[in-house]
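> Structure for this input, please:
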Amino acid sequence: MTAIEDLLSGFLARQWGAAVTITGLRRFHGGAARETYRFDATAGARREALVLRRDPPSSLIETDRAPEFAALRDMHDAGVPVPEPLWLDVGNELGAPGFIMREVPGVHAANILLPDPYGDARHCVGTQLFETLGRIHCVDSGRMARLLDAPAPADAWRVRLDHWRRVVADDAIGPEPVAWAAIRWLEAHPPPPAQRIAIVHGDYRSGNFLVDDANCIKAIVDWEMVHLGDPLEDLAWVCDPLWGHGEVDVPAATLRLGEAIDIWERASGLSCDREAFRWWRVFAQLTGLAIWISSQKEIAAGRNMDPVIAFSALYPYRFHSLTLARTLQGLAA
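Predicted coordinates for the structure are as follows:
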């Protein structure tokens, strides 16, 4: 039995009150912020397919497991398609802070390098994707507000900009002129106040939703960046060209940008103010660039040699450096 199997066996035995056998353990390598494993747990006649998410030794982003678990719980209770969260460990029973959730079987995520991943089903997938995002932004944020500080509507942008400013300042291993130029522009051109302070997924994009063979969205995953803020932050992130599978203004290779926004507006009851959305789209590019800057620091320091982080330090970093520079040039024209 491996060390992880031993930890899982002991943890679940305490939850179930019976000896537990762990089989079929394997790691998913799709994300760089958490270690994710699927496994089968058996105790007598009881057998369940489960997933473990826990902190890695080194990560691109530092976040708390409790809000992530709470967000999954709130979304599951509201009928939003997410994995069912079962047990939270904020200590070290699982080897690091983490939680266990029920596996969503028979699903897959699109590789962001794969062109046209949905083919003739792209409209169906896109409609589900933006309707679901609107539903997320309607879920009551009261329980999350007891775990997280909720910004005032007029301050939501500043809280997020300050966060990524600190990341760039702390993690940059070079001068990063594009990132700092973007920060200066964003500071000088604040958006209108948020229409609603809502639960913001923080990484809602292609690759973080799972579809079945019929192209039905069965789960929104990877909630580690969840926070309270302006819903337009999520909308701008999913609409960033990095996640368009090579298509500009076709979010997640599904719908045209205008149609996607219309669907989100109907589902959320909010409007996509043009001035605010322009600001959040620039912010989305800065967010990406800051994350890729952090990946470079991890690789350079030798703390994390995960292939996903190495990839992030190269292709996405170059992508957002170039697109953000071009965006800023256009704004200055």
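
> Now residue 199: closest residue in space that isn't a chain neighbour?
residue 141 (5.0 Å; CB to CB, 6 or more residues apart in numbering). All C-beta atoms are positioned from the backbone trio N, CA, C, and that covers glycine.

> ok, the one you found - contacts?
Shown in contact with residue 141 (CB atoms under 8 Å, 6 or more residues apart in numbering): 150, 197, 198, 199, 228.

> pLDDT check: weakest of these?
Checking pLDDT across the contacts of residue 141, the minimum falls on residue 150 at 94.

> from memory that one sits against residue 197, does it?
Yes. Judged on CB atoms under 8 Å, residue 150 makes contact with residue 197 at a distance of 5.4 Å.

> tell me, what's touching those two both at once?
141, 228.

> still on that earlier bit, by neighbour count, which of the contacts of residue 141 wins?
Among the contacts of residue 141, the one with the most neighbours (other CB atoms under 10 Å) is residue 199, at 29 neighbours.

> could you say which helix or strand contains the residue nearest to residue 118 when sequence neighbours are not counted?
Nearest non-adjacent residue to residue 118, counting by CB to CB, 6+ apart: residue 125, 4.7 Å away. Here residue 125 sits within helix 122-136, counting by DSSP states H and E.

> buried residues in that helix?
Going by neighbour count (16 or more other CB atoms under 10 Å), the buried part of helix 122-136 is 122, 124-136.

> Repeat that for stretch 7-24.
Those would be 7, 8, 9, 11, 12, 20, 21, 22, for stretch 7-24 by 16+ other CB under 10 Å.

> Let me see the ranges of the strands in the chain.
Ranges of strands in the chain, per DSSP state E, are 21-28, 35-43, 46-54, 85-89, 98-102, 198-200, 209-211, 217-220, 227-229.

> Out of the ones you listed, indicate the one that is most buried.
Comparing the strands of the chain by mean neighbour count (mean count of other CB atoms under 10 Å), strand 198-200 ranks first with a mean of 27.
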